[in-house]
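**Student:** next comes the sequence, and after it the predicted model I'd like to discuss.
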Amino acid sequence: MRVASSPHELGTAERAVALGTFDGVHLGHRRVIEAALAAGAQATVVTFDPHPRTALGNRVELISSLERRLELFEELGVTETLVLPFTPDLSLRTPEEFGLSVLQPLGARIVVAGANFRFGRGRSGDLDVLRDLGYDARPVPLVENVSSRSIRQLLATGEVEQAAALLGRPAEVEGTVVAGDARGGTLGFPTANLAVPADLLVPAFGIYAGEALGTRAATSIGVNPHYGGDERRVEAFLLDYEGDLYGKRLVVQLWKRLREERAFGSEQELIDQIARDVEETRAAVSPV
């Protein structure tokens, strides 16, 4: 997939533009992108980074990194994406200025967005404004009860199966594998310790069954209370994986929350519980 940061990098062509931030690429986002893909012109996704609310001084825990967002676009069949740097200058452009500086250089003929999409200075632009500017603006109806906000709320309480139903895919946690304390290896369950980017949402503490790199993964999110930890860690045990993961980006699917984390009476009790977690992980089924 071709990725650009300026409309001039893509050049002018007859385009159907899917417009939005698309954090999480959930079912509602997919409908917007699929509508652009079906519109009969070159389908181009126009998205923003950082998240507009973050750029305006608000904290937003992202469901997906930009890299993951782009991967999900490509899985849907998107062949080109314009990632607009969301700067104060961009936020102050009127809808008319946005059209002149972004949509017109692309050659956009059709613009597709969610029915509630707003853009431009003070969120003053919508699809009606784009229609007045001469674009074939097509609203895509919202999917009932599906929003990035509701998905964030579900993940924050560990309800990964319910979140998957809104995402249309399993919930995920991603990060770079870094050195840990190697305690899992001494217990017989070597784990990949993930350094998660600060702006990404990490689901509620607990033990989860899921998958990574095509193999089952039992993942612990929490502070490791058995050893008196106080720093959040995300540790994934890939059940049938052999190889060095240090320094690599890892996307871990979370299919099911198995239990809360807790301290145990002895190290052997901990080992026995991890073994049960592993067996539950082997038997787990993807929620979608």
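**Tutor:** Structure's in. What do you need? Numbers count the residues shown, from 1 in each chain.

**Student:** can you pull the poorly scored residue ranges out of the protein?
**Tutor:** 181-188, 226, 228 (pLDDT under 70).

**Student:** now the helices for it?
**Tutor:** 7-10, 27-37, 52-55, 66-75, 88-92, 95-98, 104-106, 127-132, 148-156, 160-167, 183-187, 267-283 (DSSP state H).

**Student:** what are the buried residues along the shortest one?
**Tutor:** Buried residues in helix 104-106, counting neighbours by 16 or more other C-beta atoms under 10 Å, are found at 105-106. Glycine gets a C-beta too; all of them are placed from N, C-alpha and C.

**Student:** which residues are in contact with it?
**Tutor:** 7-8, 10, 12-13, 15, 17, 44, 46, 82 (C-beta atoms under 8 Å, 6 or more residues apart in numbering).

**Student:** repeat for stretch 31-45
**Tutor:** 10, 13-20, 22, 25, 73, 76-82, 106, 108-110, 112-114, 138, 140-141, 143.

**Student:** sort out which of those residues are in strands and list them.
**Tutor:** 15-19, 80-82, 108-110, 112-114, 138, 140 (DSSP state E).

**Student:** if any of the contacts of stretch 31-45 are buried, put those into a ChimeraX selection.
**Tutor:** Those of the contacts of stretch 31-45 that count as buried under 16+ other C-beta under 10 Å are selected in ChimeraX with:
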select :10,15,16,17,18,19,20,22,25,73,76,78,80,81,82,106,108,109,110,112,113,114,138,140,143
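
**Student:** circling back to that earlier point, what's the farthest-apart pair in the contacts of helix 104-106?
**Tutor:** 8 and 17 (15.2 Å; C-beta to C-beta).

**Student:** give the contact list for the residue nearest the centre of the chain.
**Tutor:** Closest to where the C-alpha atoms of the chain average out (C-alpha atoms, centre = their mean) is residue 64, at 1.9 Å. Listed by C-beta under 8 Å, 6+ apart, the contact set of residue 64 reads 23-25, 72, 172, 200.
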